[in-house]
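In: Next come a sequence and a model predicted from it.
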Amino acid sequence: MSNGVISNRYALAMMNLAAKEKNGEKSIEEFGQGLDVIAEVFSKSETTRKFIGDPKVSRSQKETLIGEFVTSAKIPDLVSTAMKFLASKGRLVLLDEIRHQYHMLADDKLGRAKAEVTVASPIPPKQEEEIRKEYERLSGKKLTLNIRVDPQILGGAITRIGSTVRVSSLQNHLLQIKASIIKGKVEEK
């Protein structure tokens, strides 16, 4: 089984556990924040990553390290339990991928999405807000925009929300016109 499939299964299980908590949406958020704190520590400490990834280190030693860390970091009990479980299964090396999958599932469950918008030149905040509102209306989700400037698109915008891409760039329109002209010339022969 691939690491992506395994990570997704753990993330889904964690999402289900967090959603069943009495605080519901708040628990989902807190769980995600706890995963972020732990993943950040792992990413910043090469020693910790090596320790966690070392097959010579016993699972109980890894669980002890996680237990000490989550206690000092004041991570929610549910996250602490999940981290100890991952340690017992030898899956802490997948933490970053699990965390990424968890956040994608949380966004979906909570009706949120990230929109990557590429424009030809910087846009004012008012226009950015108009874009966000329009795409929220179209997608039915609360969006977080990431605006990127790429002068090569000439004008308009390219928007990606999840796997959906909407291209309304001047560059794309010119390419479509070029293709139709070429197609027209080919059909004349």
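Out: Good, I have the coordinates. Numbers count the residues shown, from 1 in each chain.
In: Distance-wise, check Thr71 relative to Gln176.
Out: 59 Å (Cβ to Cβ, to the nearest Å). Yep, even glycine has a C-beta here, placed from its N, CA and C like the rest.
In: cool, and Pro151?
Out: 20 Å.
In: Likewise for His103?
Out: Where Gln176 is concerned, His103 sits at a distance of 36 Å (Cβ to Cβ).
In: number of nearby residues for the closest residue to Leu110 other than its chain neighbours?
Out: Using Cβ to Cβ, 6 or more residues apart in numbering and skipping the chain neighbours, the partner closest in space to Leu110 is Glu25 (6.1 Å). Counted with other Cβ atoms under 10 Å, residues neighbouring Glu25 total 14.
In: give the contact list for Glu128.
Out: Neighbouring residues of Glu128 by Cβ atoms under 8 Å, 6 or more residues apart in numbering: Leu145, Ile147.
In: Okay, it and Val93: tell me how far apart.
Out: From Glu128 over to Val93 (counting by Cβ to Cβ), the distance is 39 Å.
In: do the same with Gly67
Out: 18 Å.
In: related to what we said a few turns ago, His103 and Gln176: which has the busier surroundings?
Out: Counted by other Cβ under 10 Å, His103 and Gln176 do not tie: His103 has more neighbours, with 17 against 11.
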